[in-house]
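S.K.: have a look at this fold, sequence not included:
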């Protein structure tokens, strides 16, 4: 089974998104809050698909009758904050102990590499749903793990040590820009 | 007819994109060139759709059986160049004399406004297909036109005066970052 696990589960989330309160909903809410409070402009990209058949019932009413999900070549979220390009991927997992690397497609890791090389801020957000703990891990530290260890998953301890726990709040739900601020502070401090 | 004209034509382009050589193809090629030569990381976003029905033939083979095109809330292209956030919309039109403003959705204008306020580089690329002339117009000059004139279209003279003609070339086909360089130079010069 070559198909990435996360991709399928994303599609399910997309379709049944009314169930709500998943990481994707929390991030969409957070991004909406950032937009409304004029803090940043960050969006989730649409799900990439290939369209095969379209029924043009009328000039203004086209219905897609056959389409397939595509493997994404980039991450799901990007935008601008304090003039900086922001780019990240977000994943929910069931495991209490580690983050399986099958959740991130190699294209997406390569994409994060490139955007950081071009001066963008790249990271991943991982929620351990069973523990209800959400972590921010910079691309730099993510990459460091991949380079150092030939493991198939990242233990939660690594997130605790090298990443940041993002505490849930009401508004915004997942205040990840607070951590971007820290990273920008570190960059400016050096 | 409230539905934006450009949106429909985009869908047609998307489906029949094998005909090739339209502005979208030229920009995708250009962005691919920028990526390969490590100059910038800029992508076209997937077409936004609402999915209604999915047939899960097997675990690995989901087919979308009913979906609708959504009106985009952002522009089509974004990414990172020299650490800067880049964001633009691209349109092809038949007219030889002016660019009808119905081609750009109000949400997209608002989006370009916001991203420039947050330090991003926002612009539109307009191709007059009959003339085979492609212009770059910064959001700033686009906005200036909207504020000054209550017209329903932007005359080509305004593009010639306030924008830049992007000459076709082989690789990259539409070298719009050359113009972004000029704009960055102007910003740094002041």
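M.R.: Right, received. Where do you want to start? Note that the structure is a prediction, hence the values are computed from the model and not measured.

S.K.: let me see the mean pLDDT of whichever strand or helix holds residue A:78.
M.R.: Per DSSP states H and E, residue A:78 falls inside strand A:77-81. For strand A:77-81, mean pLDDT rounds to 98.

S.K.: bridged to the residue of chain A most remote from its centre, which residues?
M.R.: Relative to the centre of chain A, the most outlying C-alpha is that of residue A:58, 37.0 Å out, by CA atoms, centre = their mean. Under DSSP bridges, the beta-bridge partners of residue A:58 are residue A:61.

S.K.: what ranges does chain A have for its strands?
M.R.: Secondary structure of chain A, counting by DSSP state E: strands at A:41-44, A:49-58, A:61-69, A:77-81, A:84-93, A:98-100, A:121-128, A:133-138, A:153-155, A:164-165.

S.K.: least reliable of those going by mean pLDDT?
M.R.: Taking mean pLDDT as the measure, strand A:49-58 is lowest among the strands of chain A, coming in at a mean of 88.

S.K.: re the thing from before, as a markdown table, the strands of chain A with distance to residue B:87 would be great.
M.R.: For the C-beta atoms, the positions are set from N, CA and C on the backbone; glycine is no exception. Output for these, formatted as a markdown table (distance: least, CB to CB, whole Å):
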| stretch | distance to residue B:87 |
| --- | --- |
| strand A:41-44 | 9 |
| strand A:49-58 | 22 |
| strand A:61-69 | 26 |
| strand A:77-81 | 7 |
| strand A:84-93 | 10 |
| strand A:98-100 | 31 |
| strand A:121-128 | 16 |
| strand A:133-138 | 23 |
| strand A:153-155 | 32 |
| strand A:164-165 | 28 |
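
S.K.: quick one: which of the ones you listed is nearest residue B:184?
M.R.: strand A:84-93 (14.0 Å; CB to CB).

S.K.: figure out how far that closest one is from the centre of its chain.
M.R.: Put simply, strand A:84-93 sits 3 Å off its chain's centre (CA atoms, centre = their mean, to the nearest Å).

S.K.: what are the buried residues along it?
M.R.: Across strand A:84-93, burial judged by 16 or more other CB atoms under 10 Å in any protein chain shown covers A:84, A:85, A:86, A:87, A:88, A:89, A:90, A:91, A:92, A:93.

S.K.: wait, the last one sits on residue A:131?
M.R.: It refers to residue A:93. No: using CB atoms under 8 Å, residue A:93 makes no contact with residue A:131, being 10.0 Å away.

S.K.: what does stretch A:160-177 contact?
M.R.: Here stretch A:160-177 makes contact (CB atoms under 8 Å, 6 or more residues apart in numbering or on different chains) with A:23, A:26-27, A:29-30, A:33-34, A:39-40, A:81, A:88, A:123, A:125, A:132-138, A:141, A:144-145, A:159, A:178-179, A:182.

S.K.: what about chain B: which of the residues you listed touch it?
M.R.: For chain B, the contacts drawn from the contacts of stretch A:160-177 by CB under 8 Å from any CB of the partner chain are A:40, A:81.

S.K.: wait, what's in contact with residue A:89?
M.R.: Contacts of residue A:89 (CB under 8 Å, 6+ apart): A:75, A:76, A:77, A:104, A:108, A:112, A:124, A:125.

S.K.: hmm, try it at 10 Å
M.R.: Applying CB atoms under 10 Å, 6 or more residues apart in numbering or on different chains, we find residue A:89 in contact with A:6, A:72, A:74-77, A:103-105, A:108-109, A:111-112, A:122-126, A:139, A:142.

S.K.: over to residue A:65?
M.R.: Residue A:65 neighbours (CB under 10 Å, 6+ apart): A:51, A:52, A:53, A:54, A:55, B:53, B:64, B:65, B:66, B:67.

S.K.: ok, and the closest non-adjacent residue to the first one?
M.R.: For residue A:51, the nearest residue in space outside its immediate sequence neighbours is residue A:67; the separation is 4.7 Å by CB to CB, 6 or more residues apart in numbering or on different chains.

S.K.: so what's that neighbour bridging to?
M.R.: residue A:51, residue B:64.

S.K.: was I right to think it contacts residue A:52?
M.R.: Yes: between residue A:67 and residue A:52 there is a contact under CB atoms under 10 Å: 6.1 Å.

S.K.: go through stretch A:156-170 and flag the buried ones.
M.R.: A:156, A:158, A:159, A:162, A:163, A:164, A:166.

S.K.: cool, stretch A:173-189 as well?
M.R.: A:173, A:174, A:175, A:176, A:177, A:179, A:180, A:183.

S.K.: what's the average pLDDT for that stretch?
M.R.: 88.

S.K.: much appreciated, bye for now.
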